[in-house]
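Participant: Would you be able to build a 3D model of this:
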Amino acid sequence: MMWGIVGLAQRYPRRMIESACVCAMLEGVYSYVHVKTLTEQLVSEALRTH
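Facilitator: Have a look, this model is predicted:
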């Protein structure tokens, strides 16, 4: 799982990944898929606001 999350840095901004990890930890969900989904949602929201 950890290497999958580290690999996300090749496609997404690190601050988005870090935010997604914080959200996942607060939710108590520790899966790569969940972190990836949260990261994609954060990036999508950021792109909509710009």
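Participant: Show me where this structure has its helices.
Facilitator: Using DSSP state H, the helices of the chain run over residues 2-7, 14-27, 32-49.
Participant: Flag the shaky bits of the chain, pLDDT-wise.
Facilitator: The model of the chain has pLDDT under 70 over residues 1.
Participant: Setting aside sequence neighbours, what's the nearest residue to the residue sitting nearest the centre point of it?
Facilitator: By CA atoms, centre = their mean, the chain has its centre lying nearest to Thr39, at 2.7 Å. Residue nearest to Thr39 in three dimensions, not counting chain neighbours: Ala20, with 4.2 Å by CB to CB, 6 or more residues apart in numbering. C-betas here are computed from N, CA, C, even on glycine.
Participant: my guess is that neighbour meets Ser31, correct?
Facilitator: No. Using CB atoms under 8 Å as the test, Ala20 is too far from Ser31 to be in contact (11.6 Å).
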